[in-house]
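Asker: what's the 3D shape of this:
(chains A and B)
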Amino acid sequence: MSEDDPQALRLKEGGVFLTEDEDDAAARRRAQYAWPADGIDADAQLAVEASVAADGTMAKWHYRARVGDAASEVRGSGTPASLPVLLYRHAHASVAVDDPSRAIPAQAHAFARESFIDEVAHDARRDPVALRLDHLDATRDAGAREIIRMVSERAAWGTAPHAAQAPASPWLRGRGFAFDGQAREEATRVDALPDYSPKNASAEPQPMSWSAWVVDLDVNRATGDIAVRRVVAGQGAGTPDAAALQGLPAWQIEEAIARGTGVRRIARASHDETGFATDADIPVSHDLIDAHSERVSNVTARSASDDKRIEQAAAPVAAAIANALYDATGVRFRAPPFDPEQIRRAFAAAGPAVALEAPAAARRPSRWSRWLAGGGIGGVAGGLIGLACSILPGPSPIAPLPAGAGADATMWSAAMLERGRQVAIAGDCAVCHTAPGGHVSAGGLALETPFGTVWSTNITPDRETGIGAWSYEAFARAMRQGIARDGRHLYPAFPYTAFARMSESDMMALYAYLMSQPAVKQAAPETKLPFPLNQRRLVAGWNWLFHDAREYQPDAQQSALWNRGKYLVDGAGHCGACHTPRNALGAEKGGFAYLGGGSAEGWDAPALVAARAVPVPWTEDALFTYLRTGFSAEHGVAAGPMAPVVAGLASLPESDVRAIAHYIASLSPPVDAAVAAHAAAQRATGTNADTLTAAGFQNGQRMFEAACAVCHAESGGVGHLGVRPLMGLNTSVSQASPENLLRVMMHGIDQPATEGLGYMPGFKDSFDDQQLAELAGYIRARYAPGQPAWHDLAATAAGVREAVH
Amino acid sequence: MLHSASHAQPLTLKVNGETRTIEGATPDTPLLYILRNDCELNGPKYGCGLGQCGACTVLVDGQPARSCVVPVAAAHAREVTTLEGLGTPDALHPVQRAFIDEQAAQCGYCLNGMIMSTAALLASNPSPDDDAIRDALRFNLCRCGTHLEIVRAVKRAALYLQQQHGQ
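Answerer: You can find the predicted model right below:
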C-alpha cells in the first residue's frame, strides 16, 4: 500500500479513483480478468498491472475496473462505487474503479487480485502463500498473516505432494489458495476508505474480517468436469490464539462451490478434523462428496443476510478454484464460470500440453501379487528380495537441519500445536517412547517382539539423541515409510504401517508439536536383533511385501463419523498393531483377520470384530463408555497396555471417541441394546456355586470369597472406591487364554486408566502358582460356564510370573 | 491417572478436613501407611494388607476404601475421613456411641472397619434389617465372634441417627 506516497490515492469526480503512475525499469506484468456485472448484461473488466521483481515482489500495483465498454457508461451519476480494499502493501498502488451504476460485485475484485498474485508467484517460482506474506506487514497486518498461517497450516500447504493418479486417468489434481478481507462493518465506501497516509501509519488498523481458502480439486481433461474434493476455509480477525480461526458452515461452502463450479457437492467435516460433533465447532477442513452419496442438505429458505454471507464467503472461492485449475493443468482461467464447456474450450485452446498423457509410471502391483511374488510359502523369495534390497543402494539420508535452525514452537500457531498434541495422544506416542519413570518421549522402553527386543527411541527435539535435526521431510518419511533421517530402516515394531494413513496436515501438526516439546539428551539403548534381522535393509523387502504407504481415503458412502472413526482406528490410533493378528513375518494380516484379535506385550488383545466368546455383545454405547472411562459394566476394565490407551482417549474430544466406537461397532452385526442388557442380567451372576463340588473348586471358591468377593461379588458389602467389575461379564474370564486374567490377578491394577476406576492389589506374593490356578479355574467354571476349562493353569501362572510385564 | 512411581513429589491430602502435605512418599505408598505413620491417625488398623479383612477401612469422598491396597495417589484431591474424623471422644458419632453402648468389641481390632462400614451403610440405608446388615458387613472379618453385638450396635446406631435427624 502506498504509505510512502500520500498522493498515491486521489479522488476524482464521479467515483473514479486514479493515482499517479510511474514507469520504471522493473519487469511489468499485466493481466485482464472478467466477471459478470450485477444487473447489466455485461462483464466487469478488471485489469491488473504490476512491476515484478525477480523474487515476485510487486513494488507497483495498478488496478483498473470498469463495466463493459467504459466509453458507453454515463459518469458522475449517483453515489461513488465501493472501492476494493487494498489488502497487500505495495510501495506504489493505484486503484481506479469506473462503476457509476455500482454493478461490479466485491468478489470480482477479490478474483482479480487473488488470481493475479498467483500468476506472479508461478512466474517467479515462488510459493503463492509466501509471496502474499511478503506483501503483508508483520506488525500492522498481523491479523491477516495469522489467518493465512492458520489456514495454510491446516491444509498442510506446501508439503502435500499430489497424490499419485493412475497414469491413464484423465483426472488431474490441483490445489489453489485465495485470501480476502472485508471491513467488519458495511462494505468499504469512499468515506470509509482506509487512510494510508504516513501520518496514520501507526493508527489502529480498521477492524477486519479475513478469510482464506485452500481448494483441492480434480479436473477431467477430457470432459472438463470439476470435482472439488476438499476445502480448507477459515475466517476471523486473526488475533494469535486458537479460537481466532473459525470455519465456515458446510452450507456456505456448498453454495459457494456450487456458484463457482456449477456443481453442487456435499461438504462435511474432513476425516482428520477433530471435535466437529457439536454444532458450536464448525470444522475448518471439509471433504466434498458427490451430492448423491449422502442426503442433500435441505437448506431451503435463505435470508438476505445469508445471501450476503455466501457472497462474502464466495469472494475468494473463484480465485481459489482458478488457481487450483492452473495448478492442475497449467491453464489460466481469468473469468468465471468454471463449467465443463468453458474448461474444455480452454483445454482445447491450450493444445497438447494438457491433453498429453502423463509419463507412464510403473503401475504398483496389488498387495496380493506382491505377496505371490514374494513367495508366501516360507517367505523364501521374500528373503531373496530382501537380500536384493540389502545389496542395492538403500534410501538416502536427509540432511540434518543446520544447527540453530531447528524447528521450535514459535514457527506455528497455537491451534496447530494443540492439534498436534491431540494427534500425539491419539497415537499414544509417549506410551511407547517413554521408559518407566523416565522423561516423557525420551525413549528407552523395551518392546518385546517375537523377533527380539526393540528399544523405543528418543523423539524429543534434542539434536544428538532425539529428532531435533530432523526436517519435516525426514519426519514424514519415517512416519510413512519407516526410514530414519539417516536412511536406516526402522523396524515395523514402530507402526509406520498405520501412521502412513495419517493426513498430511495431521502429520505436520504432530511434527510441530513434537518439535515444540522440551529437548532431552538421552540416548536410547541400541536395538540388537539376531542375524539376519539385524540387517535393517531387509525391512525394505518386508515393506515391499506388506507396507501400503497410502494416505487414508475417505469413503463417501459412509458417514463423516464413520470415516473419522476408521481414520483414527487405522491411522494414528494404530489399533490393529495389537488387535490384528500377525503372520509369521510379523505383518498384520488383512481380510477377515482385520481387528480379529492379536497380542501386545504378552497380553491377549481381544478381537474387535464380532467376538463370539464375550458374554454380552458390544454395543456402540458400551464401546464408547469403555474407551472413554476405561470401564464397561458389561465387559470389564481396561488393563495392561490398554490402560494408557484409554488414559489418552479420555483427554481427546468426546466426538473422536464416539467416532471410534461407531466405526468399531459397524464392523459387527448390529446389537440391540435391550438384547445386550438382557444377556448381561443373565450372565452377571454366573452359574450356581453349589454345583461346583470338585476339590479344586472348593479351594478356589474359598479364595474367591476371601480375596475377590469384596470388590467383585454381585452383592454384599457397602461399596468401595472405584468400579465393581463382575466376573460373569468380564472379557478376560471368557477369553480362550487365561493369560490376561492371571496377569491382573498377579499384578493387580496399580495404574488405572482413569481416576474413577479404583485400584486392585496384585496377589502374586500371597498366592503361589497352584493357588492361582485353582482360583482362576474356579472363576472360569463359575463365571464362564459356556467356555471350555483352561488347562495347565499352574504352568501358565508360572510363565506369567516369569514374564517381565 | 497414570503416575510414575519413581518420583517422590510432595503429596497434598485432605484428611478429616485438614490439608496435609506429605514429603518423601512415592505415589504408590499405601494410603494406610501415610495415615498411620505420617498423619499419626491410628484408627485404621493394619490387618491382612490385602484388602480382605476390612480393618483398615477409611472413607474417601464418602466411599469406603481399604486403605491398605489403595495408593496414596488415589487420595489426591479427595476427602479422606478416618475413624478420628467421624467423631471425637467428647462428641462421638452416633455409630461410635452405639458400638460403645452395645459393647460390641472383644479385641476391638476389626471395630474401625465395622464402624466405618456401618457409617457408609447407614448413609445409603437408614434402617437396615438384620439380613441387610449381615450382607453389608459380610466382608469385614471379626475373629473374636462379637457378630451378634455388632449387628445390635448397627441397629442402635440407626436408631440414634433417626433420633438425631428427628430433632
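
Asker: which strand or helix spans residue 49?
Answerer: As the question left the chain open, I've gone with chain A. For A:E49, the element it lies in under DSSP states H and E is strand A:43-52.

Asker: that strand pairs with which strands?
Answerer: With DSSP bridges as the test, strand A:43-52 is paired with strand A:27-36 (antiparallel), strand A:58-67 (antiparallel).

Asker: let's have those strands in a markdown table, adding mean pLDDT and mean neighbour count.
Answerer: Where you see a C-beta, it was placed from the backbone N, CA and C, and this is true even at glycine. Written out in a markdown table, the entries for these read as follows (pLDDT from 0 to 100; neighbours: other CB atoms under 10 Å in any protein chain shown):
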| stretch | mean pLDDT | mean neighbour count |
| --- | --- | --- |
| strand A:27-36 | 91 | 16 |
| strand A:58-67 | 91 | 22 |
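
Asker: per-domain residue ranges of chain B.
Answerer: B:11-86, B:94-166 (automatic domain parsing).

Asker: what's the mean pLDDT across the longest one?
Answerer: What it means is domain B:11-86. Confidence over domain B:11-86, taken as the mean pLDDT, stands at 93.

Asker: ends of it, how far apart?
Answerer: 23 Å (CA to CA, to the nearest Å).

Asker: and what of the shortest one?
Answerer: Distance across domain B:94-166, first residue to last, is 14 Å (CA to CA).

Asker: so how far is that domain from its chain's centroid?
Answerer: Relative to its chain's centre, domain B:94-166 lies at 12 Å (CA atoms, centre = their mean, to the nearest Å).

Asker: now do the contacts for residue 33.
Answerer: Went with chain A since none was named. Shown in contact with A:Y33 (CB atoms under 8 Å, 6 or more residues apart in numbering or on different chains): A:Q45, A:L46, A:A47, A:V48, A:A108, A:F111, A:A112, A:S115, A:F116, A:R334, A:A335.

Asker: chain B, not that one
Answerer: Contact analysis of B:Y33 by CB under 8 Å, 6+ apart lists B:A25, B:V72.

Asker: now stretch A:111-123: average pLDDT?
Answerer: Stretch A:111-123 comes out with an average pLDDT of 94.

Asker: can you list contacts of that stretch?
Answerer: Contacts of stretch A:111-123 (CB under 8 Å, 6+ apart): A:29, A:31, A:33, A:35, A:46, A:48, A:50, A:52, A:56, A:58, A:63, A:65, A:84, A:87-88, A:126-128, A:130-132, A:135, A:176-180, A:315-316, A:318-320, A:322-323, A:326, A:332, A:334, A:336.

Asker: show me what counts as buried in it.
Answerer: Within stretch A:111-123, the residues scored as buried using 16 or more other CB atoms under 10 Å in any protein chain shown are A:F111, A:A112, A:R113, A:E114, A:S115, A:F116, A:I117, A:D118, A:E119, A:V120, A:A121, A:H122.

Asker: so where's the stretch 251-400 of chain A uncertain?
Answerer: By pLDDT under 70, the weakly predicted segments of the stretch 251-400 of chain A are A:276-281, A:293-302, A:313, A:352-393.
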